[in-house]
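Novice: Have a look; sequence and predicted model below, questions after that.
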Amino acid sequence: MKPISCMAMALMLLVVAGCAASPPAEQTTAENLFPPERFLSAKGFGASEAEAQRAAMAELAAIFESRVYARTLQQATSWTGEGLSEQFDKEVEQTVHIQTDVQLEGARIGQVWREESTVGFQALAVLDRRQAASRWRRELDTVRTTIAGQVEALETIRGRLSRLAALNRITSAMVHEAVLESRLSVLGQPVPTASQELSDVIAQREQLAHRVALFVRLEGNPAPPFTRRFTAQLTADGYMIATRQDEAAGLVTGTISVQALDLGNPDVHFIRAMADIQLVDADTGNQIAAFDETVRKGHVDEEEAARRAVNGVAQQVAQQLARAMGTLGVAAGQAQPSGP
């Protein structure tokens, strides 16, 4: 064999041996570029690059949310020991999901590569622990300042309904605080110590919630069906409904009306339902909130169109009342389907 051929063969053997001993390029690059002590990461698979990227981002969000949710619920339970009411437990759970079930701010795709064994693609989604922690520490400081101010203002608030609304807002902020603390903990970052103990706020809220009932007094022809749907939603949100006004801590008053609309379609009846509502603290006479809501529905049957419109506006008013009361689990601006 000629010397030059031997040399070529030797070089080929070295190359093959080197390739066999080396880890996949994407694995080496990922470990070098996104070390786990600095980045939270998750992989996703897909038939296309875009599909793999969506899967990776969804996986990262799911992993993060599940860990944050578990830690936050554990923190909420510690406020009242094992004595959380079913309603409070449900509200906290719903609030945590609202605040964590979003695409992580700052998360990005770090790498995409072809997966030869499955004729598809893999993607790596990453979140920089330090950058996210810095952002959430600043937000945590703001939330704690808000809580301190609300607790201080609580001493001046009179009226059972007004006081419950204030306690609801503090509790909601406390859950937000717990979510941020859990995020930092999941990232492996130190959590700044809270400056005050707030377990008594939950106890006050739970005690007062059992002594607050609402009395609904509405005028207008569609007021009875509106009231039935409206009070059903309030009951589901944890509010008690009084049968007599003198038993209530809060009054819901106003007018309900419907209006037929001509939208140029002779086969469909369109009805607009309108609600002009006030929420008043019965102890002080102070108005807590006012709502002016409108819903339009269409149907081939005029009565069915009216029913749907009235039910829809009742649902919207119930949501607005919950927001005004600072109820946990209701995100500002979040629309819920009213149903048929």
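Specialist: It's in. Numbers count the residues shown, from 1 in each chain.
Novice: Quickly list the domain ranges of this structure.
Specialist: 37-128, 130-209, 213-324 (automatic domain parsing).
Novice: could you redo those domains as TSV and give each row mean pLDDT?
Specialist: Listed next are the domains of the chain as TSV, based on pLDDT from 0 to 100:
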stretch	mean pLDDT
domain 37-128	81
domain 130-209	88
domain 213-324	94
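Novice: can you list contacts of stretch 176-196?
Specialist: 37, 40, 64, 67-69, 71-72, 75-76, 96, 99-100, 127, 129, 132-133, 136-137, 139-141, 143-144, 147-148, 151 (Cβ atoms under 8 Å, 6 or more residues apart in numbering). The C-beta positions use only the backbone N, C-alpha and C, and glycine is treated the same way.
Novice: out of those, which are buried?
Specialist: Among the contacts of stretch 176-196, the ones that count as buried by 16 or more other Cβ atoms under 10 Å are 40, 64, 67-69, 71-72, 75-76, 96, 99-100, 127, 129, 132-133, 136-137, 140, 143-144, 147, 151.
Novice: Given the helix or strand containing Gln111, what are its sheet partners and their directions?
Specialist: If you go by DSSP states H and E, Gln111 is part of strand 108-115. Partners of strand 108-115 in the sheet, by DSSP bridges, are strand 120-128 (antiparallel).
Novice: quick one: buried residues of the partner strand?
Specialist: So, applying 16+ other Cβ under 10 Å, buried residues of strand 120-128: 121-128.
Novice: okay, the residues you listed in a markdown table with distance to Leu167 next?
Specialist: A markdown table is the format used below for these (distance: Cβ to Cβ, whole Å):
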| residue | distance to Leu167 |
| --- | --- |
| Phe121 | 51 |
| Gln122 | 49 |
| Ala123 | 45 |
| Leu124 | 45 |
| Ala125 | 39 |
| Val126 | 40 |
| Leu127 | 35 |
| Asp128 | 37 |
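Novice: Which members of those residues are the farthest-apart pair?
Specialist: Using Cβ to Cβ, the two most remote members of those are Phe121 and Asp128, lying 23.1 Å apart.
Novice: one step back: list just the nearest of the buried residues of strand 120-128 to Met174.
Specialist: Leu127 (25.2 Å).
Novice: Phe34 is in contact with the closest one, correct?
Specialist: No - using Cβ atoms under 8 Å, Leu127 makes no contact with Phe34, being 9.7 Å away.
Novice: how big is the angle separating the top helix by length along the chain from strand 108-115?
Specialist: When the chain is parsed with DSSP state H, its longest helix is helix 49-79. Relative orientation of helix 49-79 versus strand 108-115 (axes from the mean of the first three to the mean of the last three Cα atoms, to 10 degrees): 130 degrees.
Novice: now the strands: where do they sit in the protein?
Specialist: Under the criterion DSSP state E, strands of the chain are mapped to 39-46, 108-115, 120-128, 213-219, 240-241, 250-261, 269-281, 287-299.
Novice: Quick one: list the elements packing against the last one.
Specialist: Helices and strands in packing contact with strand 287-299 are listed as helix 160-186, strand 250-261, strand 269-281, helix 302-324; criterion 3 or more Cβ pairs under 8 Å, 6 or more residues apart in numbering; DSSP states H and E.
Novice: Identify whichever of the ones you listed lies nearest to Val212.
Specialist: Using Cβ to Cβ, the nearest of the helices and strands packed on strand 287-299 to Val212 is helix 160-186, at 5.2 Å.
Novice: Tell me the gap between that closest one and the middle of its chain.
Specialist: 13 Å (Cα atoms, centre = their mean, to the nearest Å).
Novice: Then stretch 59-75?
Specialist: With Cα atoms, centre = their mean, you get 13 Å for stretch 59-75.
Novice: Stretch 314-321 now?
Specialist: 18 Å.
Novice: Please identify the buried residues of it?
Specialist: For stretch 314-321, by 16+ other Cβ under 10 Å, it's 314-321.
Novice: That concludes my questions; thank you for your assistance.
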